[in-house]
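Colleague: Here is my input; please provide its structure:
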Amino acid sequence: MAKTKTDGKSRKPWWLLGLLIILISGACSAGVYFLLESRISSASQTGTEEAAPQEPATPIFVTIDPFTVNIQSDDYSQRLLYIGLSLKVLDDQTREALLTYMPQVRSRLLMLLSGQKAGDLVTPAGKQSLSQAILALFDKPFANAQKPLQVEDVLYTDFIVQ
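Modeller: Below is the predicted model:
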């Protein structure tokens, strides 16, 4: 069978239409790929910036000179507690207030410590309980117009029960 010119012309538009559809779909696929790639890379950069650990703030400590306190014992004998403390505070205002009112701080600590029992202080739970009691001392202001003190932790630098 011989092909006529009309048969070839009728197939040519369909062939061009098919080629055009393939090119358009390839271009759309490439565009979607690049669009998603740019969003994924920007999201991963944002994620790494957020995941980067921030440098922790420098801790502020207020050192209280060690002192010796008479404490109670179960057998009414003479017992002593030699204790040195450092207080971890959250801001410079609290540090300045503690340094300004240090005689009152030491007095409150002396009153609290003199009421402790020697048997309780030698256990880790007793030391933890004492830390909580010391933190509670700073809930009461030293002056009338004083802002609340931001004392975060009590650290023992010296601790001897004798």
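Colleague: Based on its surroundings, how many neighbours for residue 135?
Modeller: Other residues lying near residue 135 total 15 when counted by other C-beta atoms under 10 Å. Any C-beta I mention is one placed from the backbone N, CA and C, and that applies to glycine too.
Colleague: residues contacting it?
Modeller: 151, 153-154 (C-beta atoms under 8 Å, 6 or more residues apart in numbering).
Colleague: What is the distance between stretch 125-134 and the centre of its chain?
Modeller: Chain-centre distance of stretch 125-134: 23 Å, with C-alpha atoms, centre = their mean, to the nearest Å.
Colleague: which one of the contacts of residue 135 is nearest residue 36?
Modeller: residue 153 (48.5 Å; C-beta to C-beta).
Colleague: hang on, that closest one packs against residue 88?
Modeller: Yes - counting by C-beta atoms under 8 Å, residue 153 does reach residue 88; the two are 4.1 Å apart.
Colleague: So which residue is dead centre in the protein?
Modeller: Residue closest to the mean C-alpha point of the chain, counted by C-alpha atoms, centre = their mean, is residue 56 at 7.8 Å.
Colleague: Next one: that one from residue 92, what distance?
Modeller: 17 Å (C-beta to C-beta, to the nearest Å).
Colleague: Same question for residue 33.
Modeller: 54 Å.
Colleague: what do you get for residue 64?
Modeller: From residue 64 to residue 92 the distance is 17 Å (C-beta to C-beta).
Colleague: what do you get for residue 132?
Modeller: Distance from residue 132 to residue 92, by C-beta to C-beta: 25 Å.
Colleague: Residue 159 now?
Modeller: From residue 159 to residue 92 the distance is 28 Å (C-beta to C-beta).
Colleague: Looking at these two, which one has more neighbours?
Modeller: With neighbours defined as other C-beta under 10 Å, residue 159 and residue 92 compare such that residue 159 has more, 15 against 9.
Colleague: I'd guessed that one sits against residue 127; true?
Modeller: Yes - counting by C-beta under 8 Å, residue 127 is a contact partner of residue 159 at 7.2 Å.
Colleague: looking at this, residue 82 is in a helix?
Modeller: No - under DSSP: H, G, I helix; E, B strand; the rest coil, residue 82 falls outside any helix and is assigned strand.
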